[in-house]
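Visitor: Make a model of this:
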Amino acid sequence: KEKKTIQPVSGTKVPRFAGPSTFARLPELRDVEECDVAIVGIPFDAGTSYRPGARFGPQSIRQASRHLRTNYHPNYDTEPFVEQQVADAGDIACNPFDIREAIKQIENDLKNKLRSKAMLDVAEMLKIKSSRIGKTGKVIHPWEAGYYQNQVKLKKYALDGEVVKQYFEFNNVTQGLFTIYQTLFNIRFEKVQNPSVWHEDVQMFSIYDKSTGAMIGDFYLDMFPRANKYSHAAAFSVIMGKKTTKGYQRPTTSLVCNFPKPTEYQPSLLTHDNVETYFHEFGHLVHGVLTKAPLVSYAGTSVARDFVEAPSQMLENWVWQKESLALFAKHYKTGDKIPDALVDKMISAKNINSGTKGLQQVFYGILDFTLNDGYDPDGDKSSTDLVMQLQNEITLYPYQDGTHQQASFGHLNGYGAAYYGYKWSE
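Guide: Sure, this is the predicted structure:
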């Protein structure tokens with residue numbers, strides 16, 4: 001049980017990013033019941049400043065890549081990091097080399113199948129753009145795609161997002177989500193009164209087993225934006241579950257989102273995309289808190305990286321079912337249930353730009369994979385050159401000069417070579 005200083009073992013394959021599952025496989029820790037475990041995405045070398053969710057500039061990415069490859073990959077020159085990362089993805093193939101090729105095949109197969117739908121998506125948007133600018137539109141730029149996607153909803157499906165969100169008041173959605181999750185997992189949520197929290201907006205809840213009454217764990221909801229807060233949506237483990245000599249250590253997870261904050265004039269109204277995000281991220285939360293794994297290294301979301309999104313992607317589908325929507329989709333003024341006709345329109349419009357969105361995910365997956373599959377940070381091609389090449393090859397939105405998408409691609413840090421898991425688990 002003594003705390004150990006973890007260093008790469010000579011001749012042992014050690015991934016450069018140290019997650020809990022990595023430590024569990026090191027020989028000197030196999031029989032250790034309790035040990036310090038690094039957060040996924042933080043390198044072994046505690047002297048470095050990389051952290052989960054960090055935003056790197058192009059030069060910093062090069063420096064990080066060079067540092068981690070040379071210091072923590074014993075076979076860097078002969079064995080790309082990607083083969084180390086995907087070695088656990090046994091569901092795809094029997095060895096890392098087969099897996100590597102299988103993942104490339106998955107991405108390329110998706111790219112080819114999605115392209116025809118993406119072309120139809122762009123054609124729909126170009127039709128509206130041409131009408132708007134008074135001449136033939138030839139290209140949809142990344143910065144205007146959202147606008148024209150919304151125009152397709154309005155003109156083709158008569159679906160107005162401003163009308164839809166009047167049925168998704170935050171508190172109603174939360175109660176409906178709680179009802180679904182409590183029923184599904186036979187658990188009970190209880191709000192903690194006067195909790196110790198980091199901001200007045202944050203709420204805390206305890207989870208109990210509905211059958212036995214035993215306390216399982218806790219979670220926080222930090223749902224509204226504020227200055228200097230993490231700007232995306234994610235579930236963060238605060239305390240990991242594990243077996244100890246004093247019983248099971250109860251897990252705690254924090255759900256962090258940035259939904260519209262209520263004002264004195266209007267409550268918090270969520271778009272349907274917001275609602276889907278809420279259900280998705282709450283799926284990660286329960287995945288983390290309902291764990292029964294005896295070791296931290298396998299508790300909660302510490303699963304094979306290409307599986308981690310699967311539970312959440314299944315659970316988000318509740319927001320497309322009329323039966324479950326009836327539990328919480330009510331007009332914030334009248335209390336009227338969302339009309340079936342409106343839900344039918346939402347379902348009909350569900351696949352708007354599914355082709356372009358799918359290609360964007362393939363682009364992210366191939367970019368992530370390529371950066372970890374023998375990319376030379378000291379070579380002639382910069383990471384920005386790679387972004388420009390892949391974006392123009394894969395998506396139908398041309399690369400925007402002067403941008404550095406990889407500098408804000410947070411999943412590069414932590415997911416390393418496994419971003420393909422989003423489409424794989426779908």
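Visitor: secondary structure element for the nearest residue to D209 once chain neighbours are set aside?
Guide: Closest residue in space to D209, ignoring its immediate chain neighbours: I216 at 5.9 Å, by Cβ to Cβ, 6 or more residues apart in numbering. Every residue, glycine included, has its C-beta placed from N, CA and C. Applying DSSP states H and E as the criterion places I216 in strand 215-222.
Visitor: Show me what counts as buried in that strand.
Guide: I216, G217, D218, F219, Y220, L221, D222 (16 or more other Cβ atoms under 10 Å).
Visitor: hang on, the earlier thing: measure the residue nearest to D209 to R188 for me?
Guide: Relative to R188, I216 is positioned 9 Å away (Cβ to Cβ, to the nearest Å).
Visitor: before we move on, the earlier item: could you identify the helix or strand that succeeds the strand holding I216?
Guide: Using DSSP H and E, the helix or strand that follows strand 215-222 towards the C-terminus is strand 234-239.
Visitor: helices or strands up against the strand holding I216?
Guide: On a contact count with 3 or more Cβ pairs under 8 Å, 6 or more residues apart in numbering; DSSP states H and E, strand 215-222 meets strand 203-209, strand 252-256, helix 272-289.
Visitor: I'd like these as a markdown table, with mean pLDDT and distance to K135 appended.
Guide: Shown next, in a markdown table, are those (pLDDT from 0 to 100; distance: least, Cβ to Cβ, whole Å):
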| stretch | mean pLDDT | distance to K135 |
| --- | --- | --- |
| strand 203-209 | 98 | 52 |
| strand 252-256 | 97 | 45 |
| helix 272-289 | 97 | 32 |
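Visitor: All the strands of the chain, residue numbers only.
Guide: In the chain, strands defined by DSSP state E lie at 17-18, 42-43, 187-191, 203-209, 215-222, 234-239, 242-244, 247-249, 252-256, listed in chain order.
Visitor: Tell me which of those strands sits most buried.
Guide: Of all the strands of the chain, strand 17-18 has the most neighbours on average by mean count of other Cβ atoms under 10 Å, namely a mean of 22.
Visitor: From the chain's centroid, how far away is stretch 300-320?
Guide: 9 Å (Cα atoms, centre = their mean, to the nearest Å).
Visitor: Just the C-alpha atoms of that stretch, please, in PDB.
Guide: Output of stretch 300-320 as PDB, limited to C-alpha atoms (Å, rounded to 0.1, in the frame of the first residue of the first chain):
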ATOM      1  CA  GLY A 300     -17.000   4.400 -13.700                       C
ATOM      2  CA  THR A 301     -15.900   5.800 -17.000                       C
ATOM      3  CA  SER A 302     -12.400   4.300 -16.700                       C
ATOM      4  CA  VAL A 303     -13.300   1.900 -19.500                       C
ATOM      5  CA  ALA A 304     -11.800   1.200 -22.900                       C
ATOM      6  CA  ARG A 305     -11.600   4.700 -24.500                       C
ATOM      7  CA  ASP A 306     -13.600   3.700 -27.500                       C
ATOM      8  CA  PHE A 307     -16.500   2.400 -25.300                       C
ATOM      9  CA  VAL A 308     -16.700   5.400 -23.000                       C
ATOM     10  CA  GLU A 309     -19.300   7.300 -25.100                       C
ATOM     11  CA  ALA A 310     -21.600   4.300 -25.700                       C
ATOM     12  CA  PRO A 311     -23.700   4.500 -22.500                       C
ATOM     13  CA  SER A 312     -24.300   8.200 -23.000                       C
ATOM     14  CA  GLN A 313     -25.200   7.900 -26.700                       C
ATOM     15  CA  MET A 314     -27.800   5.300 -25.800                       C
ATOM     16  CA  LEU A 315     -29.300   7.300 -22.900                       C
ATOM     17  CA  GLU A 316     -29.600  10.500 -25.000                       C
ATOM     18  CA  ASN A 317     -32.200   8.800 -27.200                       C
ATOM     19  CA  TRP A 318     -34.900   9.400 -24.500                       C
ATOM     20  CA  VAL A 319     -35.300  13.000 -25.800                       C
ATOM     21  CA  TRP A 320     -36.600  11.700 -29.100                       C
END
